[in-house]
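J.: Test case, fold it:
(2 chains)
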Protein chains: 2
Amino acid sequence: MTANLSRIDGARVLADLHALRAIGTYKSGVHKPTFSEPHLRSLAWLVERLPEAGLAGGIDGIGNIISTSTKDGPKLLAGSHLESQNHAGWLDGPLGVVYALEAARVINRDPDMKGAVEVAAWCDEEGHFGHFLGSRSYVGGVTEADIDTARDRNEGKSMRDALRDAGLAGRARTRCEPGRHVGYLEAHIEQGETLESSGLNIGIVTSIVGIWQYRIAFTGEQNHAGTTRMAVRRDAGLALARFCVAIDDRFPAACGPRTVWTTGRITLDPGAPSIIPGAAEMLFQIRDDDPAVITRLEDLLRGMAAEVNAQGRCAVAVERIRTGAPALMDAAFQQAIEQAGAAFAGGKALRMPSGAGHDAQVLATVMPAGMLFVPSIGGISHHWTENTADADIVTGAEVFVDACRRLLAR
Amino acid sequence: MTANLSRIDGARVLADLHALRAIGTYKSGVHKPTFSEPHLRSLAWLVERLPEAGLAGGIDGIGNIISTSTKDGPKLLAGSHLESQNHAGWLDGPLGVVYALEAARVINRDPDMKGAVEVAAWCDEEGHFGHFLGSRSYVGGVTEADIDTARDRNEGKSMRDALRDAGLAGRARTRCEPGRHVGYLEAHIEQGETLESSGLNIGIVTSIVGIWQYRIAFTGEQNHAGTTRMAVRRDAGLALARFCVAIDDRFPAACGPRTVWTTGRITLDPGAPSIIPGAAEMLFQIRDDDPAVITRLEDLLRGMAAEVNAQGRCAVAVERIRTGAPALMDAAFQQAIEQAGAAFAGGKALRMPSGAGHDAQVLATVMPAGMLFVPSIGGISHHWTENTADADIVTGAEVFVDACRRLLAR
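T.: So this is what the prediction gives:
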């Protein structure tokens, strides 16, 4: 009887996800950097599916797909992204796109269901060229100058060249129509172990944490690794290592209960085995849903840098290169997901914050937004071993489609 | 009167060094990686100079130039290298080659001077493709299989491709003729501050330290930087940073008076700002002229790794990838340099070990070898600001040529 309410086709959802997994396969995951051939082929795959959901749409000038329905009634925007991190998992992004596509297939052609779901695939959520460039373009947060300066973080290729090579140069960028949508709904794997370890099926996202990112650069003196006595060295790499350890030792006393911090990249210059590094750089990130905690930690970070500079052996500069304010998810969206979870997941749902950034935090700046999580096996993500049980994928789809129906019926 | 003994032309020596500095110029230094166009042009420059020194020679199958004289009497082999570290100094290598060339110009055409100096330029002393591949090839320490597997440490280009592109594929590699040479003499900048800070002109090298190099690889668990709680992380990058700091804290209690150790390169995998590194690697080097000290430090290093593995959060593997035994310089060569220093540098000379590796340590395995140092301004080397005063360069040339004369006259 609940099946009649949603009439989703679980086999079709799984088949779509496997079709996308077969494009740019890497081991049991995928490798689809933004604007890579597999990413573009995945976008083309989605464009081909749109008509069967009563939708029209193509790829816009920044690589977004934002489809539209001519059906009467309210419109709900739903989706995620199709590019991946390097050598990463098959569900991070595609799950939310396929759930949205399934919701559109179920709802848009059914005159008994009110309104329509419009599917979106946001470009570069994974940040190969920037931060949420696709969704930020849609809400008006990306200038042409921003695109002029954007570069692939791995290859160094300019975004202009990538857009040209993808055949997207000169295309218009779709901007949101104020008032068109009742809001935005996105589904994603949890990327953590909370649901799995609690035996739950659905995460109801309450907020998305902010991400603050820093470039921390050390300057010492490049010299010969054999002839320079230890006592007179100014080794920028060693200063960086000591700073990493000091952060790990001192942050716990100042952080919040859910704060996380990560040094994701370290580079020594020149990086030769027989040369004392004269310069070193680390990319450092802090995430929390409380800006007061971030402020406290950034003050600590700058104070620690001042101590290093005071010692005088190496100089260190802390530059904040990204500031992400936390985003609150809409209360009515949380309620709709909760009701759908009661109907299709036996109420095995939990309200929780998202430690990862998602396009929903960008959409939340212009319309009500909500997010739904399904369990991740072992909490693994951003790795090719990322996975979710088929049964959990199907249950998530049923809850997602029912939540869409409830949001459109209000 | 001393001038008559050597009859070197200081202006000619400086002009030759500036001619080589003008090939592959980088700021006030040079950028001449092994087999790069500026390196090959520098080799061609030397081949053109050989006849004016009564020498014949070309580039052999591994990029060495080993010239020969038909003059009667004893032969002394002398030289250094013409490639550079990346973006490095103008004297590291060329100084020793130009001194040898000047000695050959002064001695080989003079019937009143006994014997001849044969000039050598050893390929890849700076280790872009390996370790002393040129001089080791000359003494018989490099197999064809070694060349098959050698790759450029920066570009990854295979040595076979580099030799082919340089037009050297298929050329024979010159091997040393046992008994042909009375020995090998090499001049180099000190690459340290001892001579400058003591107001001395000449370093008489007593030994060349050994270099032991290690690849230290850490394995943790790659995961999402936002959703993985600090308590459950297995961050390979953080484990590496803690290991670097532990080395710096614990080595001083176990090292010798002149031991140096360096972490020259660090890589985190995958190296993305939002991913906890699942793997990390450091290139680590220890130098000392006492193998017992090295053994003690390697035991300490492996013991520290065992402690990390025992903790179980991340795994670490220590692999020795280079073993360089210390080399003693010949006593008669040290005496000849000392006597030349008394005659041409007012005795402002000091016996000292070399903290840097040089081709002389390889030649020392097959013939008597000696090395002479001139001062380095500020002790800087392996950096484009490396420099030596013109007057010190000329004094060094006079001492070098007189030392050659004394070694041939014995």
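J.: got the contact list for the residue lying closest to residue A:132 once chain neighbours are set aside?
T.: In this structure, residue A:132 finds its nearest non-sequential neighbour in residue A:362, 5.0 Å apart by Cβ to Cβ, 6 or more residues apart in numbering or on different chains. Every C-beta, even on glycine, is put in place using the N, C-alpha and C of the backbone. With contact set as Cβ atoms under 8 Å, 6 or more residues apart in numbering or on different chains, residue A:362 has these partners: A:132, A:135, A:136, A:138, A:139, A:141, A:327.
J.: How far does the helix or strand hosting residue A:362 sit from its chain's centre?
T.: According to DSSP states H and E, residue A:362 maps onto helix A:359-363. Its chain's average C-alpha position is 9 Å from that of helix A:359-363, according to Cα atoms, centre = their mean, to the nearest Å.
J.: Quick one: mean pLDDT for that helix?
T.: The average pLDDT within helix A:359-363 is 96.
J.: Can you select the buried ones among the contacts of residue A:362 for me in PyMOL?
T.: Only the buried entries of the contacts of residue A:362 go into this PyMOL selection, using 16 or more other Cβ atoms under 10 Å in any protein chain shown:
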select buried, chain A and resi 132+135+136+138+139+327
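J.: could the contacts of residue A:362 go into JSON lines alongside secondary structure?
T.: Conversion of those to JSON lines gives the following (DSSP: H, G, I helix; E, B strand; the rest coil):
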{"residue": "A:132", "secondary structure": "coil"}
{"residue": "A:135", "secondary structure": "helix"}
{"residue": "A:136", "secondary structure": "helix"}
{"residue": "A:138", "secondary structure": "helix"}
{"residue": "A:139", "secondary structure": "coil"}
{"residue": "A:141", "secondary structure": "coil"}
{"residue": "A:327", "secondary structure": "strand"}
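J.: Show me which of the contacts of residue A:362 is closest to residue B:124.
T.: Proximity of the contacts of residue A:362 to residue B:124 (Cβ to Cβ) peaks at residue A:132, which lies at 47.0 Å.
J.: and the gap between the closest one and chain B?
T.: Separation of residue A:132 from chain B (Cβ to the nearest Cβ, to the nearest Å): 12 Å.
J.: And residue A:357, by the same measure?
T.: Taking Cβ to the nearest Cβ, one finds residue A:357 at 7 Å from chain B.
J.: and which of the contacts of residue A:362 is nearest to chain B?
T.: Nearest to chain B among those is residue A:132, at 12.2 Å by Cβ to the nearest Cβ.
J.: Would you mind listing what in the stretch 301-410 of chain A touches chain B?
T.: Within the stretch 301-410 of chain A, the positions near chain B by Cβ under 8 Å from any Cβ of the partner chain are A:354, A:355, A:356, A:357, A:379, A:380, A:381, A:382, A:383.
J.: Around chain B, pick out the residues from the stretch 51-200 of chain A.
T.: Near chain B, the residues belonging to the stretch 51-200 of chain A are A:85, A:86, A:87, A:127, A:153, A:190, A:191, A:192, A:193 when assessed by Cβ under 8 Å from any Cβ.
J.: Am I right that the fourth one is in contact with residue B:275?
T.: No. At 10.8 Å, residue A:127 does not count as touching residue B:275 under the criterion of Cβ atoms under 8 Å.
J.: how about the contacts of residue A:362 in JSON lines, adding pLDDT?
T.: Shown next, in JSON lines, are those (pLDDT from 0 to 100):
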{"residue": "A:132", "pLDDT": "93"}
{"residue": "A:135", "pLDDT": "97"}
{"residue": "A:136", "pLDDT": "96"}
{"residue": "A:138", "pLDDT": "97"}
{"residue": "A:139", "pLDDT": "96"}
{"residue": "A:141", "pLDDT": "93"}
{"residue": "A:327", "pLDDT": "92"}
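J.: that older thread, next, give me the two most distant ones among the residues of the stretch 51-200 of chain A next to chain B.
T.: A:153 and A:193 (27.8 Å).
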